[in-house]
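Undergrad: Quick one, fold the following:
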Amino acid sequence: MMPRRIKQQTGRFSKVDGIPYELPINSRSSPALMAAFTLDVRKAAQLLPGNEVHPLRLWGNKGALLVTVIDYRDTDIGPYIEFSVAIACTHGRKPAPPVLPLLFQKHYGLGQYVVDLPVSSEISVKGGKGIWGMPKHQANLDFRIGERTISSQYDQDGKLAVRIEIDRPGKAWLPLRASGANYCQFRGMLMKSFIYFRGKFAFCLGKKASARLTLGDHPRVQPLKQLGLASKPFFVGFFPQSSGVLDDHFEAWFLSHPQLPESQPEGLESVVGLGLSQKWLAPPSAEDRQPTVAPLLPSAMGALEQVDALEERESSEQRRVDAPADDASQGAHP
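TA: Numbers count the residues shown, from 1 in each chain. Here you go, the predicted model:
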């Protein structure tokens with residue numbers, strides 16, 4: 001449940017690091033895709049910082065890599081796409097037993113450790129990293145809703161980083177309200193933030209889940225290739241539209257090490273010079289990705305109308321949603 005404190009802030013305003021927010025910090029009418037692939041827990045543990053975040057064990061030595069792409073269309077900081085690559089994790093003095101964290105989430109500090117988080121706009125980097133410690137950086141992104149598939153690609157420096165394509169998991173019928181915790185490292189600290197979201201959800205589990213994850217040649221994603229990822233997902237999901245609230249409350253702890261680290265962790269110098277631009281980089285084009293028109297900044301009403309039209313087509317089961325160029329290039333949420 002979303003804390004009452006957040007609801008009581010409704011209608012108030014904040015300005016943090018020069019970024020204006022109307023509280024609560026929310027997003028509206030945002031399509032999202034999700035996919036989960038098993039990984040090797042022992043290998044995943046090597047990517048997690050400190051000694052208090054541990055890969056979630058599903059069974060045996062299997063954990064989960066979570067890929068979530070959200071086409072944020074209506075937020076205080078404008079539209080943008082967010083491409084999250086994360087490892088399902090727990091927080092505590094020692095690793096949790098298998099499965100139980102899914103049932104007792106607060107006790108085991110269930111969440112996801114965010115390995116990489118490219119976004120479309122500079123202002124999203126400034127807020128997400130500077131305030132909440134998220135590993136955001138600006139990249140070339142798209143989000144495409146097709147008749148049979150939903151896909152997104154993330155390019156960096158002209159190279160393919162990650163592409164995810166899921167087969168549509170049927171009609172979005174399940175009304176879902178959920179929350180999640182993100183763990184990130186920044187400034188030598190482990191930072192935990194919270195998000196609450198809702199929407200009608202379509203999903204497939206097990207053998208019915210179908211998706212294709214492609215890891216490219218960019219150096220940022222090479223560690224992911226060492227995780228022993230399964231070629232097929234065990235879960236895929238799709239929100240034709242969703243709404244979310246990012247909690248302005250977050251937690252942080254110093255990361256500890258067996259000895260004093262020799263290198264300086266990334267710090268505020270990486271965000272202090274950033275501006276408030278909502279402009280996107282060009283769409284991705286690596287590995288023969290056919291780019292759409294350059295990203296636009298649609299009005300919130302225009303984005304809502306596009307999502308409403310998509311819902312109407314789905315309800316009549318005559319989906320011809322091979323996303324138009326401007327639809328494929330929109331997004332939003334701080």
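Undergrad: In the stretch 51-200 of the chain, where is pLDDT below threshold?
TA: The model of the stretch 51-200 of the chain has no residue with pLDDT under 70.
Undergrad: Strands of that one, residue ranges please.
TA: For the stretch 51-200 of the chain, the strands defined by DSSP state E, counting those that start in this stretch cover 53-55, 62-72, 80-91, 111-119, 136-138, 140-141, 144-145, 149-156, 159-167, 174-186, 189-205.
Undergrad: Just want the angle from the last one to strand 111-119.
TA: Just to be clear, that refers to strand 189-205. Counting by axes from the mean of the first three to the mean of the last three C-alpha atoms, to 10 degrees, strand 189-205 lies at 90 degrees to strand 111-119.
Undergrad: What number of residues are in the vicinity of N140?
TA: The number of residues packed near N140 is 26, by other C-beta atoms under 10 Å. All C-beta atoms are positioned from the backbone trio N, CA, C, and that covers glycine.
Undergrad: need the contact list for it.
TA: Applying C-beta atoms under 8 Å, 6 or more residues apart in numbering to N140 gives the contacts Q153, Y154, D155, Q156, L281, A282, P283, P284, S285.
Undergrad: Could you do T10 as well?
TA: Counting by C-beta under 8 Å, 6+ apart, T10 touches L23, P24.
Undergrad: hmm, 10 Å instead?
TA: E22, L23, P24, N26 (C-beta atoms under 10 Å, 6 or more residues apart in numbering).
Undergrad: Only whichever of those residues are buried, select them in PyMOL.
TA: With 16 or more other C-beta atoms under 10 Å as the criterion, this PyMOL line picks the buried residues out of these:
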select buried, resi 23+24+26
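Undergrad: follow-up on the earlier one: okay, the strands of the stretch 51-200 of the chain, which one's buried deepest?
TA: Per-stretch averages of neighbours, counted by mean count of other C-beta atoms under 10 Å, single out strand 140-141 among these, with a mean of 27.
Undergrad: Can you tell me the strand partners of that one and which way each runs?
TA: strand 149-156 (antiparallel) (DSSP bridges).
Undergrad: Would you mind getting the angle between the strand it pairs with and strand 159-167?
TA: Using the same axes, to 10 degrees: strand 149-156 against strand 159-167 is 170 degrees.
Undergrad: Show the backbone phi and psi for the spatially closest residue to F186 that is not a sequence neighbour.
TA: Distances taken as C-beta to C-beta, 6 or more residues apart in numbering place G133 nearest to F186, at 3.6 Å, with adjacent residues excluded. With angles defined as degrees, to the nearest 10, G133 sits at phi 70, psi 20.
Undergrad: and the residue sitting furthest away from the middle of the chain, helix, strand or coil?
TA: What lies farthest from the middle of the chain is Q259; by C-alpha atoms, centre = their mean that is 32.5 Å. Reduced to three states with DSSP: H, G, I helix; E, B strand; the rest coil, the structure at Q259 is coil.
Undergrad: And the pLDDT for it?
TA: Q259 is assigned 95 on the pLDDT scale.
Undergrad: Phi, psi for it please.
TA: Per degrees, to the nearest 10, the backbone of Q259 is at phi -150, psi 170.
Undergrad: And the one 4 residues further on, by the same measure?
TA: Note on S263: its backbone torsions stand at phi -90, psi 150 [degrees, to the nearest 10].
Undergrad: Pull the number of nearby residues for it.
TA: 5.
Undergrad: does I6 count as helix, strand or coil?
TA: Secondary structure, three-state DSSP: I6 is helix.
Undergrad: right, and it touches I195 too?
TA: No: with contact defined as C-beta atoms under 10 Å, I6 does not reach I195; the gap is 11.1 Å.
Undergrad: Between those two, which contacts overlap?
TA: Counting by C-beta under 10 Å, 6+ apart, the shared contacts of I6 and I195 are I25, V245, L246, D247.
Undergrad: just those now: which is nearest M189?
TA: Nearest to M189 out of the shared contacts of I6 and I195 is D247 (C-beta to C-beta; 17.4 Å).
Undergrad: and the closest one, how many neighbours?
TA: 18.
Undergrad: Could you verify that it is part of a strand?
TA: Yes: with three-state DSSP as the criterion, D247 is located in a strand.
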